[in-house]
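Asks: Fold the stuff below for me.
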Amino acid sequence: MGSFGSHEKTARIGAALVLGLALATTGCDGDDDEMDAGMEEMDAGEDEMDAGDDDMDAGGDDEDAGGDDEDAGGDEDAGEDPDGGDTVGGGAATSAQIQAVLDEPDGSGLTLTVDDAVVTYVKAGYGSAAEDGPGFFVQAEMMGPALYVNVDPSTLSPEPQVGDVIDFQVTEVGTVVGLKHAAAIDSWNVDGSGHSVSFLVQDATSVDLVTEIDDYTSELVTLTFDVAGDFSSCNAPFMCAQITSTGVATAASEFRFRAPRSVWEDHGIRNGCTVELGPTPVWRFFDDAQPSAWDAVDITSVSGCPAAATPEAGDLVVTEIGHSFSVSGDHDFVELTNPTSDTTYDVNGCSFGDGDPSSPDHEVDITGETLLLPGTRLVFSGGDAEVQDILMEFGLNEDDRWFLRCPSTSGAIVDEVNLDDTFPRDTSGAEVDDVSIQIGEDVLSGTDPDLANDVGSAWCFTDAANTYGTMGLIGTPGAPNEAMCPASCSAMASRLVINEINYDDDGSDEYEFVEIYNPTGSDIELTGLSIVLFNGADREENGRVDLSGTLAAGGFRVAGPSGSMVTTDFTLSSSPQNGAPDGVGILDTSSGTLIDFVTYEGAFSSMDLLDSGGSALTTIPSGMNVSIGTDPAASDMDSLARIIDACDTGMPGDDWMVATSMTPGSTNTP
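Replies: As a prediction, the model looks like this:
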């Protein structure tokens, strides 16, 4: 008010001067008494002027004080702080400007002014989605409205901070995932800084944010809620779970808590916990309410969480190993993962080591609560502060062995990985420097990931695009692995091979087939060859088809039973058996030898095979009487397939995979 008062005083002084001059002029034309009266009036005017000067001095003091108030937010701002602090923001006038932005159709080339708005929250950027970049929120009154400004704060000068009073123009409006926002701004100005935003905070615990999402979007709230479901990824790196509150008593997908994986892990939030959140702005995903924490400090309390489980054999899995880094210092690491979707484990009291568990080379005891939430990782490192969760002494090499046991004293082995020459090496069989090896996320989602990670073919080198740390090493320690390891094979067949089999579909056997493949560089004559089915119970032939024609280099042929729904080139006299075990071979009828043979669901009891009458027919070639696995028959579309067409390392169990989408007559895919 100091500025307004000084202007009032100046006007009053000017009026006195004009009156005095007018009276003096009149006195020249009149008698002395009138002149004396005029002079007395002038004296009175001068006295008033002196008083005005004194008032001006006081007004100057008020103006200085007003300047201080303006620096701190200005008394003329209309927002009120219930804690008794400065009044900040433009109040209803600014709210009307914000509402005008929210009412504007999406588009650019705009000049929508927002004056004296208060910055309530500055959001860091996460992921690559348009809505998850860095930005900030503004508001002017407790009941809103509020606006998300989808502009990187670092591009503005000065950068917005919580408690700033700001002016800007919105030049573009957009909507992403249902969130209306300012997509571009100019005329940026910061009027004042350092104000409390507590006068804008609403407690939304008793509010039905699902039905009232339009009224609360982007507004600053606190919220107490219970986690009512398991967490899952929702636009990586965010994790989401259904929640309930006083205002939303029933769990629903329209009401979920959302936080970056790192924040979620830091607080150990899981199904059953009670969480106090905020103040943070209300986030929305289309018409869903998603109260969010973008920073660990946004969560003020986590309580009432159910006790974590102690891991038993198979519960936790080694998923990534870095054992051959050439840079100085010990950068070796081993990553341990909780592959479950609904169980939190505490490894307090467990130990992790390398070497023989009965006499380990190194071992570290884990002390204090150490939680692995569903899908999270724990990294043991030899000293690299960029990745380690737990420090231990390492002496890793390409033929090492790692184990986790709980409890640490003679406890059960939870998981163990013993590297051998089936694990990824470079072409010379040596280690590859500065690149970790890992199993794919698809292995973690399988039925027995703790068994799958024992098989070298399940592992691959980390893709070169996945670097971490200041030294640019290749790996993903503590983060999700590749979706799946690219199939690799160290040896390929140079003969006609059985390449894919569906022997047990989920129905009336109408999708069963046997596929053969020519991996050579030349055509192969098929006349004189037969596909023969064998029953493992008695090792007798129980079906066949004689082949004919020529199979071109790189070509496929498919045989199936009569009435098959699969496109076939040859008709088998019966369907492949689905016992334990059974087998299929490619028989050269002129020599009586098998060119290729596979057995599934187990090995045959003898290498000698019989014809359908029980007479000797042929012998299983050396090394081929090894089960290639089991088709789970969960779907008509499942099959057993070589991981790469014609892969033939001499270890059939490693060469084959369960293909969730069969590919008869074409290249195999996982």
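Asks: Which secondary structure state does residue 654 sit in?
Replies: Recorded secondary structure, residue 654: helix (DSSP: H, G, I helix; E, B strand; the rest coil).
Asks: right, and it touches residue 456 too?
Replies: Yes: contact criterion CB atoms under 8 Å: residue 654 and residue 456 qualify, at 6.7 Å. C-beta here means a position set from N, CA and C on the backbone, and glycine is covered the same way.
Asks: can you list residues touching both of these two?
Replies: Residues touching both residue 654 and residue 456 comprise residue 422, with contact defined as CB atoms under 8 Å, 6 or more residues apart in numbering.
Asks: Can you show me the helices along this structure?
Replies: For the chain, the helices defined by DSSP state H occupy 2-29, 32-71, 91-103, 213-216, 261-267, 441-444, 449-452, 652-655.
Asks: Could you tell me what pLDDT the model assigned to the closest residue to residue 276 other than its chain neighbours?
Replies: The shortest distance from residue 276 to any non-neighbouring residue, by CB to CB, 6 or more residues apart in numbering, is to residue 301 (3.9 Å). Among the per-residue scores, residue 301 shows a pLDDT of 96.
Asks: try the one 10 residues further on
Replies: Per-residue confidence (pLDDT) for residue 311: 93.
Asks: Can you report how many residues lie near it?
Replies: 24 (other CB atoms under 10 Å).
Asks: do residue 486 as well
Replies: 11.
Asks: Please apply the same query to residue 576.
Replies: For residue 576, using other CB under 10 Å, the count is 26.
Asks: Contacts only, for the residue nearest to it when sequence neighbours are not counted.
Replies: For residue 576, ignoring the flanking residues on the chain, the nearest one in space by CB to CB, 6+ apart is residue 503 at 3.8 Å. By CB under 8 Å, 6+ apart, the contact list for residue 503 reads 512, 575-578, 582, 600, 631, 640.
Asks: Would you mark the buried spots in stretch 281-292?
Replies: Buried positions in stretch 281-292, judged by neighbour count with 16 or more other CB atoms under 10 Å: 281-285, 288-292.
Asks: That one spans what distance, first to last residue?
Replies: One end of stretch 281-292 sits 8 Å from the other (CA to CA, to the nearest Å).
Asks: Residues touching that stretch, excluding its own?
Replies: Contacts of stretch 281-292 (CB under 8 Å, 6+ apart): 120-121, 137, 146, 148, 177-179, 204, 209-210, 213, 216-221, 223, 225, 240, 243, 248, 253-259, 277-278, 280, 298.
Asks: from those residues, which would you call buried?
Replies: For the contacts of stretch 281-292, a neighbour count by 16+ other CB under 10 Å gives the buried set as 120-121, 137, 146, 148, 179, 204, 209, 213, 216-221, 223, 225, 240, 243, 248, 254-259, 277-278, 280, 298.
Asks: farthest-separated two in the buried residues of stretch 281-292?
Replies: Largest separation among the buried residues of stretch 281-292 by CB to CB: 281 and 288, giving 15.0 Å.
Asks: which residues touch residue 498?
Replies: 514-516, 531, 584-586, 596-598.
Asks: Swap in 7 Å and give it another go.
Replies: By CB atoms under 7 Å, 6 or more residues apart in numbering, the contact set of residue 498 is 514, 516, 584, 586, 596, 598.
Asks: Pick the one among the contacts of residue 503 closest to residue 421.
Replies: For the contacts of residue 503, the nearest to residue 421 is residue 640 (24.4 Å; CB to CB).
Asks: Next one: the closest one, what pLDDT does it get?
Replies: 91.
Asks: Can you report how many residues lie near it?
Replies: Number of residues near residue 640 (other CB under 10 Å) recorded here: 25.
Asks: you'd agree it is up against residue 501?
Replies: Yes: the pair residue 640 / residue 501 is scored as a contact, 5.0 Å apart, by CB atoms under 7 Å.
Asks: what's near enough to touch the closest residue to residue 519 other than its chain neighbours?
Replies: Distance criterion CB to CB, 6+ apart; nearest residue to residue 519, sequence neighbours excluded, is residue 646 at 3.6 Å. Residues counted as contacts of residue 646 (CB under 7 Å, 6+ apart) are 492-493, 497, 499, 517, 519.
Asks: quick one: contacts for the residue found closest to residue 303 once you drop the neighbours it is linked to in the chain?
Replies: Nearest residue to residue 303, sequence neighbours excluded (CB to CB, 6+ apart): residue 274, at 5.1 Å. Counting by CB under 7 Å, 6+ apart, residue 274 touches 224, 226, 303-304.
Asks: Most widely separated two among those residues?
Replies: Longest distance between any two of the contacts of residue 274 is 11.1 Å, between 224 and 304; criterion CB to CB.
Asks: pLDDT below threshold where in the stretch 51-200 of the chain?
Replies: Residues of the stretch 51-200 of the chain meeting the criterion pLDDT under 70: 51-87.
Asks: What segments of it are strands?
Replies: 107-123, 135-139, 146-149, 165-176, 179-192 (DSSP state E, counting those that start in this stretch).
Asks: Residue 310 is nearest to which of the ones you listed?
Replies: Of the strands of the stretch 51-200 of the chain, nearest to residue 310 by CB to CB is strand 107-123, at 37.9 Å.
Asks: Would you mark the buried spots in that closest one?
Replies: For strand 107-123, burial by neighbour count (16+ other CB under 10 Å) applies to 110, 112, 114-123.
Asks: Could you do stretch 560-577 as well?
Replies: Within stretch 560-577, the residues that count as buried by 16+ other CB under 10 Å are 560-561, 564, 566, 568-570, 572, 575-577.
Asks: try stretch 524-536
Replies: For stretch 524-536, the buried set under the neighbour-count rule, 16+ other CB under 10 Å, comprises 524, 526, 529-536.
Asks: From these, which land in strands?
Replies: Residues of these located in strands (DSSP state E): 524, 529-535.
Asks: quick one: least confident of those residues?
Replies: The member of those with the lowest pLDDT is residue 535, at 93.
Asks: tally of neighbours for residue 301?
Replies: Look at residue 301: counted by other CB under 10 Å, it has 12 neighbours.
Asks: now residue 391
Replies: 14.
Asks: picking that back up, okay, the buried residues of stretch 281-292 in JSON lines with distance to residue 551 and pLDDT next?
Replies: Listed next are the buried residues of stretch 281-292 as JSON lines, based on distance: CB to CB, whole Å; pLDDT from 0 to 100:
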{"residue": "281", "distance to residue 551": "65", "pLDDT": "98"}
{"residue": "282", "distance to residue 551": "64", "pLDDT": "98"}
{"residue": "283", "distance to residue 551": "59", "pLDDT": "97"}
{"residue": "284", "distance to residue 551": "59", "pLDDT": "96"}
{"residue": "285", "distance to residue 551": "53", "pLDDT": "95"}
{"residue": "288", "distance to residue 551": "55", "pLDDT": "96"}
{"residue": "289", "distance to residue 551": "60", "pLDDT": "97"}
{"residue": "290", "distance to residue 551": "56", "pLDDT": "97"}
{"residue": "291", "distance to residue 551": "62", "pLDDT": "97"}
{"residue": "292", "distance to residue 551": "59", "pLDDT": "97"}
